[in-house]
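Engineer: the following block contains a protein sequence and its predicted model.
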Amino acid sequence: MSGIALIGCILLLCIGIAVLITLLSTPDCEHVENPEAFAVLPVPEDTPHVRAFLEFYASQIAWMDASVLRCVILVYNPQTQALCEDLARDYACYQAMPLEEVQSRLAVQCGKNDTPA
């Protein structure tokens, strides 16, 4: 009788270990088709208050979980190009791109290509 109880306890222990391993193991991100977490932020003007806001925003992104947001793409026009490139150089969370480059990146990210086959 005690042998059956011992075998039952061993089986329950094995089941518990299997459940624990399943719950604690993280999936391999290379096989999951999740898009890169990024945001697109147009920068309309090059003024001190816009620079201050973007610097504050970069500090907030630094505290954010990387699975929520990894990168903010600053969309610049010719007037704001210098500001966006400076911020992208100073903060790792920013990338500066013109609108056309952002559109092509989004098309690739969404799996849509404008080129005919």
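Structural biologist: On my side now, so go ahead.

Engineer: grab the nearest non-local neighbour of residue 97.
Structural biologist: Nearest residue to residue 97, sequence neighbours excluded (Cβ to Cβ, 6 or more residues apart in numbering): residue 73, at 5.5 Å. For the C-beta atoms, the positions are set from N, CA and C on the backbone; glycine is no exception.

Engineer: the one you found reaches residue 102, doesn't it?
Structural biologist: Yes. At 5.8 Å, residue 73 and residue 102 qualify as touching, with contact defined as Cβ atoms under 8 Å.

Engineer: so what's in contact with these two at the same time?
Structural biologist: Residues touching both residue 73 and residue 102 (Cβ atoms under 8 Å, 6 or more residues apart in numbering): residue 40.

Engineer: ok, these two, which is more surrounded?
Structural biologist: residue 73 (20 against 17; other Cβ atoms under 10 Å).

Engineer: name the SS class of that one, please.
Structural biologist: strand (DSSP: H, G, I helix; E, B strand; the rest coil).
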